[in-house]
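Q: return a 3D structure for these sequence lines:
(2 chains)
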Amino acid sequence: DGGITQSPKYLFRKEGQNVTLSCEQNLNHDAMYWYRQDPGQGLRLIYYSQIVNDFQKGDIAEGYSVSREKKESFPLTVTSAQKNPTAFYLCASSILAGGGGVHEQFFGPGTRLTVL
Amino acid sequence: GIQVEQSPPDLILQEGANSTLRCNFSDSVNNLQWFHQNPWGQLINLFYIPSGTKQNGRLSATTVATERYSLLYISSSQTTDSGVYFCAVGRSGTASKLTFGTGTRLQVTL
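A: Next up, the predicted model:
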């Protein structure tokens, strides 16, 4: 079954703790992305990666970190420096076209993070 | 960066009615996608439509890139169409990053 998986589905964190959200894809996509969604809002880009061992900050990267050691995996760590981490986190992937072209993006089911 | 505006923000329909959702964007784009977010939060791809017209069952979409807008048509709405519809755009040279609108929340009643 091809697709994007995220785990856990729900995550509870105490203030001051770092947590890591998992994102895995078996679509052989080059690029992977992390978005954050707050209630009643659209999605905002946190980080993205076009290739293994390389990633770039999105619009709201402060308080987050990522790694891309394998093509299939793009974990997101929410650090204690993130002031308001309670949100819905969505991972996505896409093919990268040559010459900087754009392709359709597909999303995983998401992780709901709540800070207690 | 690109601004994306969706209208209306909220829409209530009776089952069987038709509707049109609009997405305006502030600059030229090479990618435009429509998504349906279901009650569990899953984003479901509806259309990849940087230009032109596409149809898929009761849904169709049209993007007029030169005038910077896209329309999503829902015909004969059903209760399962309820949820939030998002428009998202991207540009070449930006690694396929998407900028999202704030969505249209649709409720279809019996």
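Q: direction included, what does the worst-scoring helix or strand of chain B on mean pLDDT pair up with?
A: Least confident helix or strand of chain B, by mean pLDDT, DSSP states H and E, is strand B:99-100 with a mean of 94. Paired neighbours of strand B:99-100 in the sheet (DSSP bridges): strand B:83-90 (antiparallel).
Q: residues contacting the partner strand, please?
A: A:42-43, A:102, A:105, B:2, B:4, B:6, B:21, B:23, B:25, B:29-39, B:43, B:46, B:70, B:72, B:96-101, B:103-106 (CB atoms under 8 Å, 6 or more residues apart in numbering or on different chains). (Glycine included, C-beta is placed from N, CA and C.)
Q: next one: A:Gly3 from A:Gly108, what distance?
A: Noted for A:Gly3: a distance of 8 Å to A:Gly108, by CB to CB, to the nearest Å.
Q: re the thing from before, could you flag which of the contacts of strand B:83-90 are buried?
A: Applying 16 or more other CB atoms under 10 Å in any protein chain shown to the contacts of strand B:83-90, the neighbour count classes A:42-43, A:102, A:105, B:2, B:4, B:6, B:21, B:23, B:25, B:29-37, B:43, B:46, B:70, B:72, B:96-101, B:103-106 as buried.
Q: among those residues, name the ones in strands.
A: Here DSSP state E is the test, and the buried ones among the contacts of strand B:83-90 give A:43, A:105, B:4, B:6, B:21, B:23, B:25, B:31-37, B:43, B:46, B:70, B:72, B:99-100, B:104-106 as lying in strands.
Q: what residues does chain A put near chain B?
A: By the rule CB under 8 Å from any CB of the partner chain, the part of chain A lying against chain B is A:31, A:33, A:35, A:37, A:40-45, A:48, A:50, A:56, A:58-59, A:88, A:90, A:92, A:94, A:96, A:99-107, A:109-110, A:112.
Q: of A:Gly3 and A:Gly108, which one has the most company?
A: A direct count of neighbours by other CB atoms under 10 Å in any protein chain shown for A:Gly3 and A:Gly108 places A:Gly108 higher, at 22 against 13.
Q: circling back: now list the buried members of the residues of chain A next to chain B.
A: For these, a neighbour count by 16+ other CB under 10 Å gives the buried set as A:31, A:33, A:35, A:37, A:42-45, A:48, A:50, A:58, A:88, A:90, A:92, A:94, A:96, A:102-107, A:109-110.
Q: which neighbours do A:Gly3 and A:Gly108 share?
A: What both A:Gly3 and A:Gly108 touch, as defined by CB under 8 Å, 6+ apart, is the set A:Gln25.
Q: list the residue ranges of chain A that fall below the pLDDT cut-off.
A: A:1-2, A:97-102 (pLDDT under 70).
Q: the residue nearest in space to the middle of it: what's its closest spatial neighbour, skipping adjacent residues?
A: Residue closest to the average C-alpha location in chain A (CA atoms, centre = their mean): A:Trp34, at 2.5 Å. Excluding its sequence neighbours, the residue lying closest to A:Trp34 (CB to CB, 6 or more residues apart in numbering or on different chains) is A:Ile46, at 4.3 Å.
Q: so, low pLDDT: which residues of chain B?
A: In chain B, residues with pLDDT under 70: B:94-96.
Q: what about B:Gly57, neighbour count?
A: B:Gly57 - counted by other CB under 10 Å - has 7 other residues nearby.
Q: which residues in chain A form strands?
A: So, for chain A - with DSSP E - the strands run A:4-7, A:10-13, A:19-25, A:31-37, A:43-51, A:54-57, A:64-66, A:76-78, A:87-94, A:105-107, A:111-115.
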